[in-house]
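Chemist: Sequence and predicted structure below; questions after.
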Amino acid sequence: MISTNIRKGSVSLKAVTNILLKRPAVVVALFALGIYLSTLTAEYYWDGLAFAGQIERVAKGDHEINSLFHRNHLIYNSIGYIFYVIPHWLGLSVRALTVLQIISALSCALGVTVFFQMARRISGNLYIASVGSALLAVSTCWWKSATDADAYSLSVVLVLICLNAVLRETPRWYVAGAALAGAMLVHELASLSYPAAITAVFLSNRIENRLGFAIKLSLLALGVTVAAYYTCAALLFNLSSPLDVIKWAASNPYGVSFSNPIKQLPAFPKYQLDLIFGHSPRAFRRFGGTPELLFAILGIAAAFISLAIFNQRANIRDVFKSLWPARSEGSDAWRRAAAVVLIWVIPYVLFLLTWEPYLLHYRVYYLPPLALLFVLALMNYHRQTGRSPSGAAALAVLALSFCNLAFFIGPHVRSSSNPLLTAAKEANGKWNEHTVIYTIDNSPIDGAFRYFNPQTEWRGATPKAIIRLDDEIQRIDAEGGSVWLNDRAAKSIRPDWLAGRAHGDVINVELGDTTYSFVQLLPV
């Protein structure tokens, strides 16, 4: 009986191994997912905290359902809400922030897999596709997006599915159109990938009626998106005029204005380096430990070995010569792919020179085409030189993964790397279920404190509320609670009034050169 079980176990293990060998995309997906789930960040993007808070408040009945539908990322929070309530229906206790991070990890792992399929189809080489996919998977911007809570990870994966549906052996307009619509509904920035999708259609040699394909793709993507926006605007926000719906959809509620692109040009090279390499020696020094030191050593060693192999097997002249293909079989396909890549990148680069150019998260949209450009260059290098892979490119990507883990990803896994998170959790010792915090301009700092202290009550510091504040302080103190003001609310109150009451505790949060405060008010 025992030997039979062992044989059965061996057979099933062999079957699993065969499946993985025959389906390398599955291996890529599982490997990427394992990396992302094991390195979930504690350096949260402030939008992610806001999304998680909204989801939990709607689930508790504290907010209306329409708060889940934000004009710039229409359906993202509703997706997060569904995946939040399902485990709670099953009796599991999990917070929305963790759910959103898991969605990001799953999305980016799927995105790496789709990219792998695309790269393998274009290059016709398993090694080149694997190295290119690994470059995407471990690049700073992608890795950060995969471990954080934000709408961009799911949106960019749907963009990849759209492009893959156009570039595959049997292009499918309905898959491409539906995926593009989904990407734009998850976040509006996905609309900038539309030119790349249409370019891929008209440059394809697998689509007979290119114009008809492009029209059907466009109508499906546009029709679904417009219908979804109009339905939400009409049913949830009482906007029925088409012009009002357009203004609502195109507006930004945070008052962000466009930047001068000329002023952003000096920082442009650094922003592009940030996409790939997480160079944060400060995070490494302050929050890194023995694992990060080991990863740094391994990364530097792998980089030197890669350079040594490259120096022995190749030369820089061959690399530059191979950046553009000579006339040969397959060069037309290379040029078509390169054109799609450029049309994919350019709209994002131009737009993000003017719209919050300092944010890393937005640039995840044009990281896949940059990784695809690397695939094209590597493919052309081996084709023109006739040299077999030496492993130098794979070692270089491995070095990048270790260095990013050491200098950026690893330190930020620790909660101590986030002073806002540390301060918000420490407030648990001072705030209880009877604590009331009055705020003006609910900032990301307020959002973090509110999320990690869900037992507290948050109120707007309106003039009417301030008039009743003395009575409220007395009542809440008698119940065993306390009253606090955020720094914006404290600055809005007359200094002489505040001086007679703000004799309680103070919570300070230092973020860069700015200090944010919460001040406790005591009964007179």
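Modeler: Received the coordinates, thanks. None of these values were measured; they are calculated from a predicted model.
Chemist: do you know how far the residue lying closest to Glu479 once chain neighbours are set aside is from His503?
Modeler: Leaving aside its chain neighbours, Glu479 sits nearest to His434 (4.9 Å; criterion: C-beta to C-beta, 6 or more residues apart in numbering). Where C-beta positions appear, they are placed from N, C-alpha and C, glycine not excepted. Distance of His434 to His503, given as C-beta to C-beta, to the nearest Å: 19 Å.
Chemist: higher neighbour count, the two?
Modeler: His434 (17 against 12; other C-beta atoms under 10 Å).
Chemist: which SS class is that one?
Modeler: Here His434 is coil, with the state taken from DSSP: H, G, I helix; E, B strand; the rest coil.
Chemist: can you give me the end-to-end distance of stretch 384-400?
Modeler: Using C-alpha to C-alpha, to the nearest Å, the end-to-end distance of stretch 384-400 comes out at 26 Å.
Chemist: Show the average pLDDT along it.
Modeler: Taken as a whole, stretch 384-400 has a mean pLDDT of 87.
Chemist: Contacts for it, please.
Modeler: Contact partners of stretch 384-400, identified using C-beta atoms under 8 Å, 6 or more residues apart in numbering, comprise 127-128, 130-131, 134-135, 138-139, 276-277, 299-303, 305-307, 309-310, 313-314, 318, 321-322, 325-326, 378, 381-382.
Chemist: for this protein, which spans come out with low pLDDT?
Modeler: Along the chain, segments meeting pLDDT under 70 span 1-22, 255, 322-331.
Chemist: Name the residues of the strand ranked longest in it that are buried.
Modeler: For the chain, the longest strand by residue count, based on DSSP state E, is strand 514-521. Neighbour-count burial for strand 514-521, counted by 16 or more other C-beta atoms under 10 Å, picks out 516-521.
Chemist: Format those as TSV; extra columns: distance to Ile440.
Modeler: Shown next, in TSV, are the buried residues of strand 514-521 (distance: C-beta to C-beta, whole Å):
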residue	distance to Ile440
Tyr516	13
Ser517	13
Phe518	13
Val519	13
Gln520	17
Leu521	15
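Chemist: can you map out the strands along the stretch 351-500 of the chain?
Modeler: For the stretch 351-500 of the chain, strands defined by DSSP state E, counting those that start in this stretch occupy the ranges 436-439, 457-460, 483-486.
Chemist: From Tyr438, how far off is Ala465?
Modeler: 6 Å.
Chemist: any common contacting residues for the two?
Modeler: Arg459.
Chemist: higher neighbour count, those two?
Modeler: Legend: neighbour count by other C-beta under 10 Å for Ala465 and Tyr438, higher for Tyr438 (25 against 13).
Chemist: Nearest residue to that one in space, please, no chain neighbours.
Modeler: In space, and not counting its chain neighbours, Tyr438 is closest to Ala461: 4.1 Å by C-beta to C-beta, 6+ apart.
Chemist: Arg414 too?
Modeler: Leaving out its chain neighbours, the residue that sits closest to Arg414 by C-beta to C-beta, 6+ apart is Phe287, at 5.4 Å.
Chemist: Spatially central residue in the protein, please.
Modeler: Geometric centre of the chain, nearest residue: Ser145, 2.9 Å, by C-alpha atoms, centre = their mean.
Chemist: Verify the stated contact: it with Val364.
Modeler: Yes: if you go by C-beta atoms under 8 Å, Ser145 and Val364 touch, sitting 4.8 Å apart.
Chemist: Now the common contact residues for the two.
Modeler: Common neighbours of Ser145 and Val364 (C-beta under 8 Å, 6+ apart) are 152-153, 156.
Chemist: What I need now is those written out in TSV, including neighbour count for each item.
Modeler: Shown next, in TSV, are the shared contacts of Ser145 and Val364 (neighbours: other C-beta atoms under 10 Å):
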residue	neighbour count
Tyr152	28
Ser153	31
Val156	27
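Chemist: Among those residues, which lie within helices?
Modeler: Under the assignment DSSP state H, these contribute 152-153, 156 to helices.
Chemist: could I get these as a markdown table with distance to Trp344?
Modeler: Listed next are those as a markdown table, based on distance: C-beta to C-beta, whole Å:
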| residue | distance to Trp344 |
| --- | --- |
| Tyr152 | 15 |
| Ser153 | 17 |
| Val156 | 11 |
